[in-house]
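Asks: Sequence and predicted structure are below.
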Amino acid sequence: MMDSSMAKTETRDRECSTELRNRRWLSPTVFELELTRPRFFEFLPGQRIRLHHRGIERDYSLISTPGDPVIALCVRMVEGGRMSPLLASAEVGTTFHFAGPHGYFTLRKSMRPAVFIATGIGVAPFVSMARSGVMVSAMLHGARTPAELYYESLFRGIANQYVPCLSRLSSKIGLPENVFEGRVTECLKSRLEPGLYDFYLCGRSEMVRDVTLLVDELFPGSLVYTEIFY
Amino acid sequence: MKIYTGAGDKGMTGLFSGERVPKSHIRIDAVGDLDELNSFLGALEVLLSEDQPLLLEEVRRIQSHLFQMGAWLATAPGSSLDLLEEIGSEPIMALESAIEVMERELPVLKGFILPGGHRTAALAHVVRTVCRRAERKVVNLLDPTDDGKSSQQLLQISAYLNRLSDFLFVLARYCNRLVGVPDILWKP
């Protein structure tokens, strides 16, 4: 019900054309796309666009900032997916269409400390926020391996407490600083002091569910904002 | 795409402004009534004659306004209000215009009428009562000590629902009129 035309920024929803400028692989399965920024296209850090290409539509969070001359997305190659292989192989200069900006997963003004919790490429909306100068109390960054801690150095610079949570550790050598061995939910239980926080969660629905239920139990009175990545 | 997360399985839910509240919270109660009202309007729309495109369009517009108003009900006072599109007086004025148009074709009412008649009219009356309940729930959210943006918008929504129930009353009579069914006058 909430994801409607209610948000102010949603009223700017329009169809735009954009052109692929560059692609940068972050790992064998994750890449960034840099696209030309349509004139008058505005958004808030944390918002997403709906990309259209060859009859397929997918939502992607913007990882660029509102002040950047280009717009950028972070894409995960989905096995058996239809859009991500197209984006992975599209040539520079390819034209795409998109609608947006959409969503309200944006940083709210608050006196409470903010805590970002992300898994996988659920980091994407936080990248735009971090690049826009947002500072937070803590960030729990979930991934399977150190190589999948995308944008780690960026997040270390914006969080007083940055905790990489690795669920598949094969070696204890070369681990990132302050690493937590396990899932973000386990980390939340053991690393975050009791108190009132503004939680921002982005990742798979199972993580969002588990963390939300933990917040109800361990941090009652805190606020929770969520964005689910599929 | 999965529609569920399961985060509400233990009786709590989230407001647009981030608060975690029990599902029995007065805001959720009001949101639920608005949702019910909107759903009943959808059912009414199905029964309305396709010969009345302007009426169908009006109902759709109302549904859209209710959707927008639901966001305000689900938002506690605070910075999240800044993300919402304000509701002005235009939706109320549109309802008033629609009421006037229908009333021009109706005989003057000379007493109380019983809810009923044609099935569209009967359903319009049901929707009207749901609308009245939603209005009461919205009034329940009003804080007389607060004159901020949230309260102003709640007042606007309450006024809209008040006018909407008038619209639905007239619509019920109008629906009867369209099919030649007279008002059922109350006989004490």
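Replies: All right, it came through fine.
Asks: who's A:V75 bridged to?
Replies: A:F31 (DSSP bridges).
Asks: Can you give me the pLDDT of it?
Replies: Here, the pLDDT recorded for A:V75 equals 96.
Asks: Count the residues that sit near it.
Replies: 22 (other CB atoms under 10 Å in any protein chain shown). No exception for glycine: its C-beta is placed from N, CA and C like everyone else's.
Asks: quick one: buried residues of the helix ranked longest in chain A?
Replies: Determined from DSSP state H, the single longest helix within chain A is helix A:205-218. Under the neighbour-count criterion of 16 or more other CB atoms under 10 Å in any protein chain shown, helix A:205-218 has A:S205, A:M207, A:V208, A:R209, A:D210, A:V211, A:T212, A:L213, A:L214, A:V215, A:D216 buried.
Asks: Stretch A:104-118 now?
Replies: The neighbour-count check on stretch A:104-118 (16+ other CB under 10 Å) flags A:Y104, A:F105, A:T106, A:L107, A:R108, A:R112, A:P113, A:A114, A:V115, A:F116, A:I117, A:A118 as buried.
Asks: Identify the farthest-apart pair in the buried residues of helix A:205-218.
Replies: A:S205 and A:D216 (16.4 Å; CB to CB).
Asks: ok, what's across the strand from B:T13?
Replies: Beta-bridge pairing of B:T13 under DSSP bridges involves B:V21.
Asks: Burial check on the residue in chain B positioned nearest to chain A, number of neighbours?
Replies: Of all residues in chain B, the one sitting closest to chain A is B:G18 (3.1 Å; CB to the nearest CB). Applying other CB under 10 Å, we find 22 other residues in the vicinity of B:G18.
Asks: How far off centre is the longest helix of chain A?
Replies: Computed by CA atoms, centre = their mean, to the nearest Å, the chain-centroid distance of helix A:205-218 equals 18 Å.
Asks: if we look at chain B, which of the buried residues of stretch A:104-118 are close to it?
Replies: The subset of those within reach of chain B, by CB under 8 Å from any CB of the partner chain, is A:Y104, A:T106, A:R108.
Asks: Narrow those residues to those in helices?
Replies: Using DSSP H, none of these sit in helices.
Asks: Can you add pLDDT and give the residues you listed back as JSON lines?
Replies: Formatted as JSON lines, those follow (pLDDT from 0 to 100):
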{"residue": "A:Y104", "pLDDT": "94"}
{"residue": "A:T106", "pLDDT": "96"}
{"residue": "A:R108", "pLDDT": "96"}
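Asks: now, among those residues, which is nearest to A:P125?
Replies: A:T106 (8.4 Å).
Asks: so what's that closest one up against?
Replies: Contact analysis of A:T106 by CB atoms under 8 Å, 6 or more residues apart in numbering or on different chains lists A:L44, A:P45, A:G46, A:Q47, A:M129, B:L83.
Asks: Which of those fall in helices?
Replies: A:M129.
Asks: Taking the contacts of A:T106, tell me the two that lie furthest apart.
Replies: Most distant of the contacts of A:T106, by CB to CB, are A:M129 and B:L83, 15.0 Å apart.
Asks: Tell me who's in contact with the spatially closest residue to A:G157 that is not a sequence neighbour.
Replies: Of all residues not flanking A:G157 in the chain, A:A130 sits nearest, at 7.5 Å (CB to CB, 6 or more residues apart in numbering or on different chains). A:A130 makes contact with A:Y151, A:L154, A:F155, A:G157, A:I158, according to CB under 8 Å, 6+ apart.
Asks: Roughly how far does the last one sit from A:V123?
Replies: Using CB to CB, to the nearest Å, A:I158 is found at 12 Å from A:V123.
Asks: out of the two, which sits in the busier spot?
Replies: Between A:I158 and A:V123, counted using other CB under 10 Å, the more crowded position is A:V123 (29 against 18).
Asks: mind checking how far the more buried one is from B:S17?
Replies: Distance from A:V123 to B:S17, by CB to CB: 24 Å.
Asks: Spatially central residue (nearest the centroid) of chain A, please.
Replies: Taking CA atoms, centre = their mean, the centroid of chain A lies closest to A:A124, which sits 2.5 Å from it.
Asks: what number of residues lie near the residue in chain A that chain B sits nearest to?
Replies: Residue of chain A nearest chain B, by CB to the nearest CB: A:L223 (3.1 Å). Counted with other CB under 10 Å, the neighbours of A:L223 add up to 24.
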